[in-house]
Structure formats: structure tokens, C-alpha cells
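K.L.:
The following comprises the amino acid sequence and a computationally predicted model.
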There are 2 protein chains.
Amino acid sequence: MKVVVLGGDGFCGWPTALHLSMQGHEIVILDNLSRRNIDNELEVQSLTPIQSISIRLEAWHQVTGKTITYQRLDVATEYDRLLQLISDLQPDSIVHFAEQRAAPYSMKSSWHKRYTVNNNLNATNNVLAAIVETGLDIHLVHLGTMGVYGYSSVGVRLPEGYLTVKMTADDGAEVEQEILYPSNPGSIYHMTKTQDQLFFAFYNKNDEIRITDLHQGIVWGTQTRETRLDDRLINRFDYDGDYGTVLNRFLMQSAIDYPLTVHGSGGQTRAFIHLQDTVRCVELAITNPPAAGERVKILNQLTETHRLIELANMIAEMTGATIEHVPNPRKEADANDLAAANAGLLDLGLQPTTLRQGLLEEVTDIAKRFAARCDRSRIPCASHWTKQIAETQGDDDQLTLTLHS
Amino acid sequence: MKVVVLGGDGFCGWPTALHLSMQGHEIVILDNLSRRNIDNELEVQSLTPIQSISIRLEAWHQVTGKTITYQRLDVATEYDRLLQLISDLQPDSIVHFAEQRAAPYSMKSSWHKRYTVNNNLNATNNVLAAIVETGLDIHLVHLGTMGVYGYSSVGVRLPEGYLTVKMTADDGAEVEQEILYPSNPGSIYHMTKTQDQLFFAFYNKNDEIRITDLHQGIVWGTQTRETRLDDRLINRFDYDGDYGTVLNRFLMQSAIDYPLTVHGSGGQTRAFIHLQDTVRCVELAITNPPAAGERVKILNQLTETHRLIELANMIAEMTGATIEHVPNPRKEADANDLAAANAGLLDLGLQPTTLRQGLLEEVTDIAKRFAARCDRSRIPCASHWTKQIAETQGDDDQLTLTLHS
């Protein structure tokens, strides 16, 4: 198949592009390199020494004989070029990773809120409008997030997108309806993904665009079979307070003898998936598209759920790290239960990588190997969800910095 | 109260600004004049001869002694100026009309889809981010649409925003939850208003912004008590296929002996409200804000529901006009029932203007008076919801044009 990967230079996009190329698909990456530019803005670097996209692609060709092409393009602003490229390429699928994907970054300031909204919503709408305008039958695969559901537990297992509810009709009868699960996002970033769902529902209804929305849990891990083939193919690893996902931050912290910083009680339960499984899920999505006329296919892309404190305990046990509870910069429930359906991708053949299998390897192969590249001052989260939280916690963050740097 | 009216030069914004000024509120209009610019793009004009905003405001001052100030500002793109103005003005309320509001316009082409999404979503997010950034306790009143609910009838009266549903928990128990009514927009324009709802829910939850969202029916009528005070204050009247709302189009058609063009069977049921009631509803909203910490207040702003064919029959009966069924350019159900709650605004004191009261006056005072200014070629809807519809109907539109011009 011919596949365009939007955002194919990023944390999930890059290993996905390699995996799909390895499986024999013809891959074109479109990326504006925004993730690298944000590194410049935040004055941080991937813990792993990533290469420029050209060196990456050259290495891929040398190692595998396969060719991935790349064009620098901003999906959110360069509509005409996007349209022309899609018309020329006539891809079977477009995989859409071209969104700002960090919740803390999206909450840093008004500028960051506005950037995230403007970039993510225009990117998604541009892709959809372009597919309609070309008139081509292209399957769009989008990386959503489990965060669209929110974490307000009412004892109902989170479904894969759609929920059957009962309501009372005017004549007193009870009627059943299947609805998109009511969204409850916890950050501006997560909110944009709930708004994306409404784009998908509309374009699917009006233009019969075939769409798969993958609601992904928190990704952990750094490498996949393909990125391990050559050091120049190494994937990025973020440990900073904005882009470092919780598990990768814990791994990094354990590797440099920094206490594992747990926000609040750590009673928050979240969904997780290894990066190796992410790339496999995207492959399963593109090879199992919805039929013509089918509604948006929503799959939950997670393999395990854990309380954050349990994860911290597990890593502390493996590595001898200590745990420090710090004030939570987010506005969220201190503890929650989480049960979520994930049969869709398992039924398609996903075989999960478990945390117990992969964790230690990550600590030694990535976190310890590149520990010298770590800037300890970047570990605490410097984004606060509200002014009140910032005012209360400003000093605490300073204290944490002083204690450990 | 001090009130900023975003989009205060438009069809609803202008009479609202005058009404609030007449009631003694201090009014500042911010508007980028986009509605006038779109007239240039579409090569149409308001049937009524509207004056420039400066002449309008000068006339208002001469007639009433009251002062409304105005600054040209694009809410969607000029964030820093918007922030500064809000900080300086410290308004009690902001009324947000600054969105592209025509469904057919939003469906004309990729460019129009993208403009509507980019303008509407960034405008709403900018206002909300600016309110948060100023730290001021400002009540935001937004003009939503009944179209967020969609028109798929399951026999349940449309509530005012929130719906109680039952779902089955994992332990088999039935649990009740109140949710935002599942949205089902019928155009890109309506879709942006469903996405606006998600902005409001998030900023209300995270930042406790006080918000009222007014889900308005189709507005009819042209004048209000204030716009009638002087010819220079006259409001715009759109009869063209993009911006002319259905009832105003019928009135215009009857005035110039053009058949009343009904899309499809006319079995579509829609909600209506007279412009005089719109401005009163906004006044009721700003003087009855939600309490601190209260969730987003959603009110349905409609006074009557009618099938389109019934409206056409009513006007035909009054004026002797004929009716012509034309192919529907929209992708929508050919017929639907519609029952919607509207107690919120009635309880606050709204006294509806009924169709029977106001219709004939509109025909004589507006449609007949300015009939000579009508460009008949602009009456048919030239936007089609999909390529297929455009291909099927292209010829029919031509035919209609030929027949009647």
C-alpha cells in the first residue's frame, strides 16, 4: 500500500514510518519538524542522540535497501501543497500524527494553548478537506488519545468509542441510542482530540470518508525492531516535564538517581502501551480499514492500565530508586479507577508487550546509556493547569529543583 | 454593565449592541467587518441599504444621545490587541458573535470550510484564553445554534444542553449520568459550534469561566425597536442563497413575485425566533449570569417550530406567491419532527413575537420597500453539500436561474 505519514519525524511517527516501510508499504513522510523546533524553544534535547531526517532516511536505505521519501510541509498552514501532494501520490492511507501532543505544553501559557488549538484543529480539517477535494477514496488513520474519555469513573468500562445509552422519550417510553462516548478532556491538548472526533463524525457522515481513530494510552519505550537496526535510526526519548510521558520520566529518574516524582498521591490510573505495539496497531489499522459507508472506526490502543504509584513502586523495586510525592500541577482527580475495552486491536492480532518484559531493558539500554546527556533541571513539570495552581506550587518546584540539581 | 460585543456590526450583533445600549449598558463593539467583506466576495448586497459603522454610530448618538465605541479587530488573529482591550476595558460581559454563521457559505468549497473552521475555532479559543489570562471575572455569552443537536428525532424533546441518560455499569447496575446532548451537526458551520461547546466545557471546568451558550433557532425579521429609530440604523437583510435564512428568503421571493423555493419536500422542521426576541434574549442572558463555579448555562433561544412547507404555505396564503420545490442542496433528512425545550428564557421573561404578528410587516416594510435593490440571480443556493449533489443539481440550478431571471 502507499501510505502518507503526517508527522513522520516525531516520537510515534518515525518508528511507524519505519515499521510500515519494513512491512513493504511505500512510505512518504510529510513533517514540518515542529517537534525538533519545540526542543529549541524549551531548551531541551532528546535523551537519545537523534539524527536529522535526511541522515535517518539515508541510513534506512543503507540498512534495508528501502526508500522512504520526505517533504517538509506544515499540514496546518500549507493546504495547497498538501492537496497537490495527495492528488499526485494517490495514497491508499494517510496516517495523521501531525498534532502537538503534550498536555503540559498545551497548558504552559495562552500562546501554547492557542498554538495547540490552531495547529491541531487546522491540521485535521485540512487533511479531511483535501481528501474530499481530491475525490480519492483514502483511508485516514488518526492517533487519538484515551484522554478523550476523561477519567470520571461511573463504573462503566470505557467502550471503543461508542456507548449505548437509554433515554426517556416524551411519551414516557425508554429509547436506546448509540452515541459517541461523552468526552471529558483534561487539558487543551486532549480537548483538541475531542474536537477532532467531531471533525471525523461530520466528514464521515457528509462525505463518507473512511476513518479509523486510535485512542492511544500513554506510550512508553523508545525503540522498535526497526529503530534498533542502526544507531542513526534511534528514536527520540523525552524525559522533560513537558514531553516526557510519566513512565519514561520514571525510567530516566531511576537511571540518574533522581527520586521518582509522583504527582499527588499517584492514585491516578492510566492506560499504557509500548511503542512497539503502537507501530503494530497502526499497521493493523491501515490493513483493516472500515468498509465504504461505515461509520468512524474507533479502537482503544492500550494494553495495560496501572495506577501511577504502582508503576513507581515497580520501578523502585527493580532499580532501588526512591519515590517523592510532589504537588500535582494538573487539575485532575487525585485517584480514579479505569477499565477500558481493547478487544478491537487484540482481535486483529495485536500481541502485547508487557511492562514487566520491557522495563529493565529500557532502563539499561536507553536511560543508563545516555544518562550523561540528561539536564536534571528539565525534569520537573513547569506547566501549571491554572494560575491558582501556579501560585501555590511555584515555590515547591523551585525547592524540588534545588534539592536535586 | 460594561459589555463588549464581538461581531457587533453583523446581522444579530448590530441590533444587539443597540438594544443593550438603549437599556443603559456601556457598549464597545469589536468587529473585523468580515460580513461586509463577504458581501464583496459573493457580489451581493444587503437588501436594505446599510450604512458604514461610523455613520451608524454617529446616528445612534444623534438619535439617542448614547455613545457606542468601536474598534476594528479580528478576534481570530489579533490576540494581543484583544487581550489588551479586555484588560483595559474590564467588561462585565463579552457577547461573542464573531463567527462565520452561514451553513451554505461554510460548504461552498475547501477554502470556505477551512476559513470557517479557522475563524470560528480560533476566535472562540482566543476569547477564552484572553479571559483566563486577564484573570478577570467576565461572563461570556455565546451565540450557539439549535443545529448542534441535529435533527435525528428519537422522540426525545431536545433539552437545554444537558440530557440525563442511563447506562449499564460493569456490575450490571444501571447508572444515570447527565451529559451534553450528543451533537449531530449538519454542516461545517454547525460543526464548529459543536466544537465550541467543547471549548466552553473545558474552560469552565479548568478555569471556572462563567459562560452562557444560547442555542438559537433560525432568525427572521430585520428590524428591532432601536434599528427603526432612524434609516441610518437599519439592519442588514440577506436574501441570497448563502446568507439568506429560509424565512427571509421566502419573504423576499413573495415581494418580487418569485416562487417560494422549497428545498426538497419541505418536511424539514426547524426552530425560529424573531430578531427582536434575539436581542431581548441576549439582554436576559447578560443580566442573569451563571453563578461562580456553575457549569456552562445552555439556553435554547427559539420561540416556534415549523415545517418549512407550512411556512411557505403561510406566506403563499398571505401574499399570493406560488411555491416551487427544488432539489435540496443539503445532505439532510427530507422530513423530521422537532420538539425542543425553551423554558429557560421564557422563565426569565421573554415574551415571544409570533410569526403571525410580524410576517406581513416584514413583507411590506422591508421586502417590498427595497425590492428594486434585489438581484434575482443571487436567490438560488449555489452551495452543495457534496460533489455528488453538485453534479446532480448543477443543471437544475441553472434551470431555476433561467426560468426566473
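P.N.:
Now that the structure is in, tell me what you want to look at.

K.L.:
Please make it C-alpha for all contacts and neighbour counts, starting now.
P.N.:
OK.

K.L.:
Residue A:63 touches residue A:229, doesn't it?
P.N.:
Yes. Taking CA atoms under 8 Å as the definition, residue A:63 is a contact partner of residue A:229 at 7.4 Å.

K.L.:
could you pull out the helices for the stretch 101-250 of chain A?
P.N.:
With helices called from DSSP state H, counting those that start in this stretch, the stretch 101-250 of chain A shows them at A:103-106, A:110-134, A:188-207, A:246-255.

K.L.:
what does the stretch 201-350 of chain A put close to chain B?
P.N.:
The stretch 201-350 of chain A comes close to chain B at residues A:202, A:206-207, A:331, as judged by CA under 8 Å from any CA of the partner chain.

K.L.:
Centre of chain A to the edge, which residue is at the far end?
P.N.:
Distance from the centre of chain A peaks at residue A:171, with 45.0 Å (CA atoms, centre = their mean).

K.L.:
May I have the residues that are in contact with it?
P.N.:
residue B:155 (CA atoms under 8 Å, 6 or more residues apart in numbering or on different chains).

K.L.:
Can you list phi and psi of it for me?
P.N.:
phi -90, psi 10 (degrees, to the nearest 10).

K.L.:
now do residue A:108
P.N.:
Reported as degrees, to the nearest 10, the phi and psi values for residue A:108 are phi -70, psi -40.

K.L.:
how far away is the spatially closest residue to it that is not a sequence neighbour from chain B?
P.N.:
Closest residue to residue A:108 apart from its sequence neighbours, by CA to CA, 6 or more residues apart in numbering or on different chains: residue A:383 at 4.8 Å. Using CA to the nearest CA, to the nearest Å, one obtains 14 Å as the distance from residue A:383 to chain B.

K.L.:
my guess is residue A:383 is in a helix, correct?
P.N.:
No. Residue A:383 is assigned coil when assessed by DSSP: H, G, I helix; E, B strand; the rest coil, not a helix.

K.L.:
Quick one: residues contacting the residue nearest to residue A:47 when sequence neighbours are not counted.
P.N.:
Closest residue in space to residue A:47, ignoring its immediate chain neighbours: residue A:237 at 5.4 Å, by CA to CA, 6+ apart. When contacts are counted by CA under 8 Å, 6+ apart, residue A:237 touches A:11, A:46-48, A:222, A:244, A:248.

K.L.:
Turn those into TSV, including neighbour count and pLDDT.
P.N.:
Putting the contacts of residue A:237 into TSV (neighbours: other CA atoms under 10 Å in any protein chain shown; pLDDT from 0 to 100) gives the following:
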residue	neighbour count	pLDDT
A:11	21	97
A:46	20	96
A:47	22	95
A:48	20	96
A:222	24	93
A:244	22	91
A:248	24	87
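
K.L.:
circling back: just send the residues of the stretch 201-350 of chain A next to chain B back as JSON lines, with pLDDT, distance to residue A:348 and neighbour count too.
P.N.:
Output for these, formatted as JSON lines (pLDDT from 0 to 100; distance: CA to CA, whole Å; neighbours: other CA atoms under 10 Å in any protein chain shown):
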{"residue": "A:202", "pLDDT": "98", "distance to residue A:348": "27", "neighbour count": "21"}
{"residue": "A:206", "pLDDT": "98", "distance to residue A:348": "28", "neighbour count": "19"}
{"residue": "A:207", "pLDDT": "98", "distance to residue A:348": "27", "neighbour count": "19"}
{"residue": "A:331", "pLDDT": "92", "distance to residue A:348": "36", "neighbour count": "15"}
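
K.L.:
could those go into CSV alongside distance to residue B:369?
P.N.:
Formatted as CSV, these follow (distance: CA to CA, whole Å):
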residue, distance to residue B:369
A:202, 41
A:206, 40
A:207, 42
A:331, 58
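
K.L.:
Quick check: the two most widely separated of these?
P.N.:
Farthest pair in these (CA to CA) is A:207 and A:331. Separation: 37.9 Å.

K.L.:
Show the pLDDT at the nearest residue to residue A:188 once chain neighbours are set aside.
P.N.:
Take residue A:188 and drop its neighbours on the chain: the residue closest to it by CA to CA, 6+ apart is residue A:106, 5.7 Å away. As predicted, residue A:106 sits at a pLDDT of 98.

K.L.:
now swap in residue A:52 and tell me
P.N.:
98.

K.L.:
quick one, what contacts it?
P.N.:
Applying CA under 8 Å, 6+ apart, no residues contact residue A:52.
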